[in-house]
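Asks: starting from these lines, generate the structure:
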Amino acid sequence: MWRLLPVSIVLISYLLSFAGTGICEYIRATNSDEVILVPTESEVNMGKSLAGSVEKRFALDDDTSLQKRINDIGQRLASVCDRKDITYSFSVLSGQELEPEYRLNAFALPGGHIYIFRAMVDLMESDDEIAAVIAHEIGHIAAKHSVKRFQGSIGMTLLQLLTARIKADNETKSRAFNAVGLLMMSYSREDEAMADKLSVRYVKKAGFNPEGVIGSIDKMWAKYRKMPIKKYTDYQTHPYTSERMAAAKKEVYGRMEFVDFINTPASLGKR
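Replies: Predicted coordinates for the structure are as follows:
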């Protein structure tokens with residue numbers, strides 16, 4: 001979805017300076033020990049840098065009451081999530097220059113910044129469904145998905161750029177920035193599945209109706225079915241909708257049925 005997010009090369013260099021000094025860290029959200037090379041302070045600084053670019057490019061929605069509503073829902077979820085060492089923020093973006101399918105989106109930046117586009121808010125019919133979307137993004141942060149993707153997927157462009165002591169032309173720098181944008185905004189299907197699982201956990205703990213998770217997936221699928229088919233891109237990493245629905249039903253109801261694995265409107269609308 002992103003072509004360019006101007007992240008400071010100095011910041012990238014700073015983060016990479018920690019390579020080789022990582023320690024095994026227990027990630028409560030995933031109940032696993034993993035090597036994390038990026039300190040929390042660096043993650044937060046990276047998030048701040050990206051957040052400024054995001055808000056400049058896509059513009060915050062000017063509805064202050066909506067901003068408060070989303071922040072209230074988000075803070076309620078953040079208070080029960082598995083990661084409490086950062087400060088979370090929740091904002092609504094306008095993004096009017098984007099194509100319709102890209103405005104049906106929400107995303108998380110490193111360090112606790114979570115954004116949801118106005119079109120996505122309008123699609124959801126209740127706070128429970130909005131909470132499901134936001135909780136999914138909190139799940140990415142709690143599991144440190146963007147941090148792990150950044151440290152595990154640094155491309156040759158970045159390495160060459162840093163090795164050359166930042167002596168690179170603008171085209172090379174642009175490719176590096178594009179790579180960073182991809183790392184920040186694209187997750188594996190396994191990460192997306194984990195974020196779905198965590199979303200059910202968090203909406204339940206925060207007192208929202210977990211059926212909102214199923215409802216949010218249902219509405220997204222119904223909307224996407226009406227849109228023109230797009231060529232496959234690297235940004236399409238979400239699991240098949242049928243897989244997401246089956247997994248969500250298992251988390252919410254404790255069961256799933258054969259029909260849940262059939263990728264059809266009938267299966268998605270089934271309760």
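Asks: need the helices for the stretch 1-150 of the chain, in chain order.
Replies: Using DSSP state H, counting those that start in this stretch, the helices of the stretch 1-150 of the chain run over 9-16, 40-58, 64-78, 100-103, 118-123, 127-142, 145-152.
Asks: of those helices, which is nearest residue 193?
Replies: Among the helices of the stretch 1-150 of the chain, helix 127-142 comes nearest to residue 193, with 10.1 Å by CB to CB. All C-beta spots, glycine's among them, are computed from the backbone N, C-alpha and C.
Asks: the closest one to helix 145-152, inter-axis angle?
Replies: Angle of helix 127-142 versus helix 145-152, following axes from the mean of the first three to the mean of the last three CA atoms, to 10 degrees, is 30 degrees.
Asks: show me what helix 127-142 is packed against.
Replies: The contact analysis (3 or more CB pairs under 8 Å, 6 or more residues apart in numbering; DSSP states H and E) places helix 127-142 against helix 64-78, strand 106-108, strand 113-117, helix 189-205, helix 211-225.
Asks: can I get the ones you listed in JSON lines including distance to residue 151?
Replies: As requested, the helices and strands packed on helix 127-142 are exported to JSON lines (distance: least, CB to CB, whole Å):
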{"stretch": "helix 64-78", "distance to residue 151": "24"}
{"stretch": "strand 106-108", "distance to residue 151": "17"}
{"stretch": "strand 113-117", "distance to residue 151": "19"}
{"stretch": "helix 189-205", "distance to residue 151": "14"}
{"stretch": "helix 211-225", "distance to residue 151": "29"}
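Asks: to residue 123, which of these lies closest?
Replies: Among these, helix 211-225 sits nearest to residue 123 (CB to CB), with 5.5 Å.
Asks: buried set for the closest one?
Replies: By neighbour count with 16 or more other CB atoms under 10 Å, helix 211-225 contains the buried residues 211, 212, 213, 214, 215, 216, 217, 218, 219, 220, 221.
Asks: can you check stretch 92-107 too?
Replies: Neighbour counts using 16+ other CB under 10 Å place 92, 93, 94, 95, 98, 102, 103, 104, 105, 106, 107 of stretch 92-107 among the buried residues.
Asks: how long is that stretch end to end?
Replies: End-to-end span of stretch 92-107 (CA to CA, to the nearest Å): 11 Å.
Asks: coming back round to it: ok, the buried residues of stretch 92-107 vs residue 123, which is closest?
Replies: The nearest member of the buried residues of stretch 92-107 to residue 123, counting by CB to CB, is residue 104 at 6.3 Å.
Asks: residue 151 and residue 95, how far apart?
Replies: In this view, residue 151 and residue 95 are 29 Å apart by CB to CB, to the nearest Å.
Asks: ditto for residue 129
Replies: Counting by CB to CB - residue 129 and residue 95 are separated by 19 Å.
Asks: so which of the buried residues of helix 211-225 comes closest to residue 143?
Replies: residue 213 (16.6 Å).
Asks: tally of neighbours for the closest residue to the closest one other than its chain neighbours?
Replies: Leaving aside its sequence neighbours, residue 213 sits nearest to residue 132 (CB to CB, 6 or more residues apart in numbering; 4.1 Å). Residues within reach of residue 132, counting by other CB atoms under 10 Å, total 28.
Asks: for residue 147, same thing?
Replies: By the criterion of other CB under 10 Å, residue 147 has 25 neighbours.
Asks: tell me if I'm right that it and residue 35 touch.
Replies: No - assessed by CB atoms under 8 Å, residue 147 is found out of contact with residue 35, at 10.8 Å.
Asks: where do the contact lists of these two overlap?
Replies: With contacts defined as CB atoms under 8 Å, 6 or more residues apart in numbering, no residue is shared by residue 147 and residue 35.
Asks: and the gap between the closest residue to residue 197 other than its chain neighbours and residue 125?
Replies: Distance criterion CB to CB, 6+ apart; nearest residue to residue 197, sequence neighbours excluded, is residue 251 at 5.9 Å. Residue 251 sits 21 Å away from residue 125, going by CB to CB.
Asks: so which of those two has more stuff around it?
Replies: residue 251 (19 against 12).
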